[in-house]
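# Have a look; sequence and predicted model below, questions after that.
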Amino acid sequence: MANLLRQMNGELAAVAGEARRSLVTIGNGRSGVGAGTIWHSDGLILTNAHVVQLSAPLVSLPDGRSRPARILAHDDKLDLAALGVDASGLPTIELGKSKQLRPGQWVLALGHPWGVAGAATAGVIIGMGPPPEMGWPNRELIHASLRLRPGHSGGPMVDTHGRLVGINTMMAGPEVALAVPLHVVKAFLHQALA
């Protein structure tokens, strides 16, 4: 049993380390700091709309460089924003399949909670769909049994292979995290940037 736990521990740490390569820090000009995920190597970054709030964000890249970002698309209802920074050759994240997520599957959420850079938390998928306690009948979200904190917003939620399955967005309770599923993110980008 101890060997199995050590193996699982090492594998989850490796998954988090790989996903961290595409994790950025987003400053919104105020005291808050959020996260973002590099979508395209030429500077396309995804985050939450509530992280940028239509201000001129500053993005800190994984290699330590900071770049001002342009808001390319913004959707308050979906809580998504696409940013552009002048950079190339950035490390991207492999895409997963959010529609194939099943309750009980392990996921990790990365971000910068309370300013702790590149932190990861793990839990299992509870389900998919609208959050009943929030009165959003048409909003599809991933529900996961893990704890998000301020600073996780906009960061990646990944499966056990390190593939992006969602963008962290908010807590729905003490141990319930919500993320925008990857297929919703793709539709947002297709419509916003077509």
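All right, it came through fine.
# All the strands of the protein, residue numbers only.
23-27, 33-40, 44-47, 58-60, 66-68, 70-75, 80-84, 106-111, 119-129, 141-145, 156-158, 164-173, 176-181 (DSSP state E).
# any idea which of those is most buried?
Mean neighbours per residue, mean count of other Cβ atoms under 10 Å, is largest over those for strand 156-158, with a mean of 31. C-beta: built from backbone N, CA, C; applies to glycine.
# and it, which strands flank it?
strand 106-111 (antiparallel), strand 164-173 (antiparallel) (DSSP bridges).
# For the first one, which outside residues touch it?
Here strand 106-111 makes contact (Cβ atoms under 8 Å, 6 or more residues apart in numbering) with 12, 15-16, 19-20, 23, 34-35, 101, 118-125, 142, 144, 146, 148-149, 151-160, 165-166, 168, 177, 179.
# Relative to L46, how far out is A73?
10 Å (Cβ to Cβ, to the nearest Å).
# Overlap of the contact sets of these two?
Shared contacts of A73 and L46, counting by Cβ under 8 Å, 6+ apart, come down to L80, A81, A82, L189.
# With respect to E94, which of those is nearest?
L189 (16.3 Å; Cβ to Cβ).
# surely the closest one meets A82?
Yes. Using Cβ atoms under 8 Å, L189 and A82 qualify as a contacting pair, with a distance of 6.2 Å.
# which stretches of the protein have low pLDDT?
The model of the chain has pLDDT under 70 over residues 28-32, 54, 132-137.
# Tell me how it divides into domains.
19-92, 98-189 (automatic domain parsing).
# Between the ones you listed, which one is closest to L4.
Among the domains of the chain, domain 98-189 sits nearest to L4 (Cβ to Cβ), with 14.3 Å.
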